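**Q** Model the following, please.
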Amino acid sequence: MAAQLSGVWLNSPTVTLAGNLLHFRHSRSPSASLPAAHPSTTAPTIQIVGGKNMGWNGMENSKLDIDPGEFDWAELEADICHWTKALRPVQWYPGHIGKTEKELKDQLKLMDVVIEVRDARIPLATSHPQMDLWLGNRKRIIVLNREDMISASDRNAWASYYARQGTKVIFANGQLGMGSLKLTRLAKALADGVNIKRKSKGLLPRPVRAGIVGYPNVGKSSLINRLLKRRMCPAAPRPGVTRELKWVRFGKDLELLDSPGIIPMRINDQSSAIKLAICDDIGERSYDFSEVAAILVQILARLPAVGNKALYNRYKIEADGRAGRNFVEKLALKLFNGDTHQAAFRILSDFRKGRFGWSALERPSN
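**A** Predicted structure coming up:
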């Protein structure tokens, strides 16, 4: 059997899918042949898809209608890791980020409290791997922005997770201002000891300094604008809009630092990278729309809050458990004269706009 992985042909009688050894029949079997990402005339290909619940022909052996309380998020994460192995790596590091990272490290020394903004749909994927090292013992508040884009059960799961860690977390909606006042009060309370120390040294009180940091397009500037009740920082629904550090005053006793999105120079965790692409938290030039949309379809088909039914209700196309790429191709033929890029863009846009309902793509492991 021939299977194509990242442009390399591998000949093997078996294929391992998320820990299960699945045997494929000879490629002449019509049910074993699925369209490849890049057509080739040299040999037939098999689209490698699925995870622990997939059969030899790409069909699922078990139902997707799973009780949300019993859903295994760790298994889904393992499947996503498996699916990304055959894809072109997603990498994005605009030139201004390197300069920003250096300046931000210097500014961190001046901060009394750090407000780290994450995307509530993917709190782990939007956590910078170096952030703990940079902050050290500095006080931190985690803001899960876009809380309106996840379900109540998602919020409860993450609230419990951070409570167990002893981490201060606030759910916010930067567009509507929800959570902004609570964030202001908490930031002042955490840094209350600053002026007590200054007073004991005979120094005058000064405003509390809070730095707002996070990945691109997670809503940092929108959050600041809502806090200030006026547009002081440039904001737009795409990554890379803010390009320089900027201090702004909030009343007499709080100063906020708005910073450009910072992202690792190299993203080693491609599962996180795909989720950044799905949620529009990384530059569009860094990924292939068709590949990302195909994985999104496979994720949505497994999520208890979405499933095959929501996909069918939206597009009137059966999501039968086969490769997500097949679904994208069917939608392209139905609506876009075979243009898979347009079909993929539609699926990603529909997810970002909540057309399938609001659901997180990550949950803490049980």
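
**Q** can you map out the helices along the stretch 101-250 of the chain?
**A** 131-135, 152-165, 180-190, 192-200, 220-228 (DSSP state H, counting those that start in this stretch).

**Q** Tell me which of these sits nearest to His96.
**A** helix 220-228 (14.9 Å; C-beta to C-beta). The way it works is simple: take the backbone N, C-alpha and C, and place the C-beta from them, glycine included.

**Q** Summarise which helices and strands that closest one is packed against.
**A** strand 139-145, helix 180-190, strand 208-214, strand 246-250, strand 254-258 (3 or more C-beta pairs under 8 Å, 6 or more residues apart in numbering; DSSP states H and E).

**Q** from the middle of its chain, how far away would stretch 118-130 be?
**A** From the chain centre to the centre of stretch 118-130 is a distance of 7 Å (C-alpha atoms, centre = their mean, to the nearest Å).

**Q** re earlier: worst average pLDDT in the helices and strands packed on helix 220-228?
**A** Among the helices and strands packed on helix 220-228, strand 246-250 has the lowest mean pLDDT, at a mean of 81.

**Q** And that one, what does it pack against?
**A** Going by 3+ C-beta pairs under 8 Å, 6+ apart, strand 246-250 lies up against helix 220-228, strand 254-258.

**Q** Among those, show me which one is buried the most.
**A** Of the helices and strands packed on strand 246-250, the one with the most neighbours on average (mean count of other C-beta atoms under 10 Å) is helix 220-228, at a mean of 24.

**Q** Return the angle between stretch directions for it and strand 254-258.
**A** Orientation of helix 220-228 against strand 254-258 (axes from the mean of the first three to the mean of the last three C-alpha atoms, to 10 degrees) gives an angle of 160 degrees.

**Q** Quick one: mean pLDDT over helix 220-228.
**A** Here the average pLDDT along helix 220-228 is 79.

**Q** Likewise for stretch 154-167?
**A** 95.

**Q** what comes up buried for it?
**A** Under the neighbour-count criterion of 16 or more other C-beta atoms under 10 Å, stretch 154-167 has 154, 157-158, 161-162 buried.

**Q** sorry, back to before: CSV for the helices and strands packed on strand 246-250, including distance to Gly98?
**A** As requested, the helices and strands packed on strand 246-250 are arranged in CSV below (distance: least, C-beta to C-beta, whole Å):
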stretch, distance to Gly98
helix 220-228, 18
strand 254-258, 18
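
**Q** so which of these gets nearest Ala305?
**A** Closest among the helices and strands packed on strand 246-250, using C-beta to C-beta: helix 220-228, at 25.6 Å.

**Q** can you dump the C-alpha coordinates of that closest one into PDB?
**A** Extracted in PDB, the C-alpha atoms of helix 220-228 (Å, rounded to 0.1, in the frame of the first residue of the first chain):
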ATOM      1  CA  LYS A 220      -5.800  42.500  24.300                       C
ATOM      2  CA  SER A 221      -6.400  46.000  22.700                       C
ATOM      3  CA  SER A 222     -10.200  45.500  22.700                       C
ATOM      4  CA  LEU A 223     -10.100  44.800  26.400                       C
ATOM      5  CA  ILE A 224      -8.100  47.900  27.100                       C
ATOM      6  CA  ASN A 225     -10.400  50.100  25.000                       C
ATOM      7  CA  ARG A 226     -13.400  48.700  26.900                       C
ATOM      8  CA  LEU A 227     -11.700  49.500  30.200                       C
ATOM      9  CA  LEU A 228     -11.000  53.000  29.100                       C
END
